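Visitor: predicted model follows, preceded by the sequence.
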Amino acid sequence: METITAPELKTRLAAKDFRLIDVREADEWATARIPEAELIPLSQFQQRALQELSPEETVIVYCHHGMRSARAQGFLKAQGFSNVINLTGGIDAWALQVNPSMKRY
């Protein structure tokens, strides 16, 4: 499965050539988030993802540490999405490597 590091994602954000999807739950989203992200919680992912995302677009997914987003990535791949990338280490890696002022939990 394809992955991206937090510094690589920071660089790629300027291109705006993908959808950034946060699969954490709403309470986690309220604590900390990457501003360019859209929230589709894993608990709703199977229902919403196929309605809101297109197999033709590149999708980057993240969660707290990368496990839930890996499940979301696997689901999308199984549905025929070819360009799905998981943020290694999740938002915790983002806070450590890109935005040290972000609240960690």
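Guide: The structure has been received and is ready for your questions. Not measured: the values here are computed from a predicted model.
Visitor: could you list the low-confidence segments of the protein?
Guide: Across the chain, nothing is flagged by pLDDT under 70.
Visitor: now do the contacts for residue 32.
Guide: 91, 95, 102, 103, 104, 105 (CB atoms under 8 Å, 6 or more residues apart in numbering). Every residue, glycine included, has its C-beta placed from N, CA and C.
Visitor: among these, which are in helices?
Guide: In helices, defined here by DSSP state H, the members of the contacts of residue 32 are 91, 95.
Visitor: which SSE is immediately downstream of the helix or strand hosting residue 45?
Guide: Here residue 45 sits within helix 42-52, counting by DSSP states H and E. Using DSSP H and E, the helix or strand that follows helix 42-52 in sequence is strand 59-62.
Visitor: which elements pack onto that next one?
Guide: Contacting strand 59-62 under the criterion 3 or more CB pairs under 8 Å, 6 or more residues apart in numbering; DSSP states H and E are the following elements: strand 19-22, helix 67-78, strand 84-87, helix 90-97.
Visitor: hey, which of those is tucked in deepest?
Guide: Of all the helices and strands packed on strand 59-62, strand 84-87 carries the top mean neighbour count, a mean of 25, counting by mean count of other CB atoms under 10 Å.
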